[in-house]
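Asker: This is the structure alone, sequence omitted:
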C-alpha cells in the first residue's frame, strides 16, 4: 500500500490526483506503517493526506475516534460526488 501511494503522489508526476487515506484501527499501536505514512504525508502535502481513527483511543490520542462514519468522511473529503469500492459493498458513494 505504501509503495503504491508513494508512486502515485511522488513518482507519477503526470497524475494530478490527490490521495486522502482514512486508516481505521482498534488502537494506535495497531496502525501499520504509521511512521512511513506520516513521513510521506509530510513530503507530499497536499497530494497525500493521511487521517487515522481508532475505536479504542487512549487519553493521549489526538486523531479521529470511533468507527468510520459518513460524518467522518464528510469532514475529510472535499464536497463532490465520490464513489469508491469498499470491502463487502460494491460501491460506497458520498454526494454533496
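Answerer: Thanks, I have it. Small disclaimer: the values here were computed from a predicted structure and weren't measured. Numbering: from 1, shown residues only.

Asker: Tell me which helix or strand the residue nearest the centre of the chain sits in.
Answerer: By Cα atoms, centre = their mean, the chain has its centre lying nearest to residue 21, at 1.5 Å. Assigned by DSSP states H and E, residue 21 belongs to strand 19-25.

Asker: Can you list the neighbours in contact with the biggest helix by length in the chain?
Answerer: In the chain, taking DSSP state H as the definition, the longest helix is helix 34-44. Outside helix 34-44, the residues within contact range by Cβ atoms under 8 Å, 6 or more residues apart in numbering are 2, 5-6, 9-10, 21, 23, 28, 48-50, 52. Bear in mind the C-beta positions are built from the backbone N, C-alpha and C, glycine included.

Asker: what about the chain, any weak spots by pLDDT?
Answerer: 13-15, 79-96 (pLDDT under 70).

Asker: mind listing the strands in it by residue range?
Answerer: With strands called from DSSP state E, the chain shows them at 19-25, 48-54, 64-65, 82-86, 89-94.

Asker: quick revisit: so how far is the longest helix of the chain from its chain's centroid?
Answerer: Its chain's C-alpha centre and that of helix 34-44 lie 12 Å apart, by Cα atoms, centre = their mean, to the nearest Å.

Asker: for stretch 19-27, which positions count as buried?
Answerer: Within stretch 19-27, the residues that count as buried by 16 or more other Cβ atoms under 10 Å are 19, 21-25.

Asker: If you could redo that for stretch 7-18, that was the one I meant.
Answerer: Here stretch 7-18 shows 8-9 as buried, counting by 16+ other Cβ under 10 Å.
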